[in-house]
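Enquirer: sequence first, predicted model second:
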Amino acid sequence: MRIDVVSIFPEYLQALDISLIGKARREGLLDVRVHDLREHTHDRHRTVDDTPYGGGAGMVMKPEPWAAALGSIAGTGDHRPLLLVPSPAGDVFTQAMAAELSTREHLVFACGRYEGIDERVYDFAAEHYEVRPVSLGDYVLNGGEVAVLAMVEAIGRLVPGVVGNPESLIEESHSDGLLEYPVYTKPASWGGREVPEVLLNGNHGKIARARRLWQLERTAQRRPDLIRALDPATLNRHDRDALWHAGFMIEDGRIVDKPVGPTEE
Ligand code: ADE
């Protein structure tokens, strides 16, 4: 997979040289190229921003350097790459989106700073790219670089070969719409705290059921929105029991909160 990142702080992206993503780059699984937006300016001060038309606080990124940078990257391939623009105003980035993006041949990230990029850049980019603004979540970062680090790691690790043991991608948080179960290692008894007995007896059926129960309980407690989004058809009898005890029920083919009221006799 090829990934291009355009930024005014290319050194921010040096973290992509480390750990699994760095190794995948060295092995040729990921071809990550970081570009300095200022290389596409022509004035002495290498200006990339200016004041907003209509007034208001802050500065806006100028269209010319962005058009030059994005035009030169799009022009180097024979396909239409996906342009991802990190922005708190984008679609929320999810594990499902990471999985979909990990199958793409070429991703380009445009890191905005200040109050954002001149809107006309998006129209221009749509002539060369499929353009998608993406948000890490409902909070505001100073720029897109940190969001790109997170997204490249989430996407890159799903590219076949990047994570040595692909099994570890199956049983992790969000891979099946649930949070992951708690994990333990040796010693079995530590500071008076015990590893749950069921994990010590080697009964793989019981272990799988216990872990599934813990996943459902933990998700119900921390992320009830994820429970409500589950497809009831994917739940077995044990799952339905666990969700009932956690305060949910199935009604008209959907998972809903159990009404709170006087308890039944
Ligand atoms: N840039 C600024 N805030 C952001 C966010 N929440 N997600 C992605 N990019 C951003």
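Expert: Now that the structure is in, tell me what you want to look at. Residues are numbered from 1 along each chain as shown.

Enquirer: around the ligand, pick out the residues from the stretch 51-200 of the chain.
Expert: 86, 87, 88, 135, 136, 137, 139, 140, 141, 144, 147 (Cβ under 6 Å from any ligand atom). C-beta coordinates here come from the backbone N, C-alpha and C atoms, glycine included.

Enquirer: drop anything exposed from those residues.
Expert: 86, 87, 135, 136, 141, 144, 147 (16 or more other Cβ atoms under 10 Å).

Enquirer: let me have the residues you listed in a markdown table, extended by distance to residue 35.
Expert: A markdown table is the format used below for these (distance: Cβ to Cβ, whole Å):
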| residue | distance to residue 35 |
| --- | --- |
| 86 | 15 |
| 87 | 19 |
| 135 | 22 |
| 136 | 21 |
| 141 | 20 |
| 144 | 13 |
| 147 | 17 |
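
Enquirer: just the ones of these in strands?
Expert: For those, the ones inside strands are 86, 87, 135, with DSSP state E as the criterion.

Enquirer: take these and write them to TSV, including distance to residue 201.
Expert: Shown next, in TSV, are those (distance: Cβ to Cβ, whole Å):
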residue	distance to residue 201
86	47
87	50
135	45
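
Enquirer: what is the nearest of those to the ligand?
Expert: Proximity of these to the ligand (Cβ to the nearest ligand atom) peaks at residue 86, which lies at 3.2 Å.

Enquirer: check the burial of residue 126 by counting its neighbours.
Expert: 11 (other Cβ atoms under 10 Å).

Enquirer: any idea how far it is from the ligand?
Expert: Counting by Cβ to the nearest ligand atom, to the nearest Å, the gap from residue 126 to the ligand is 19 Å.
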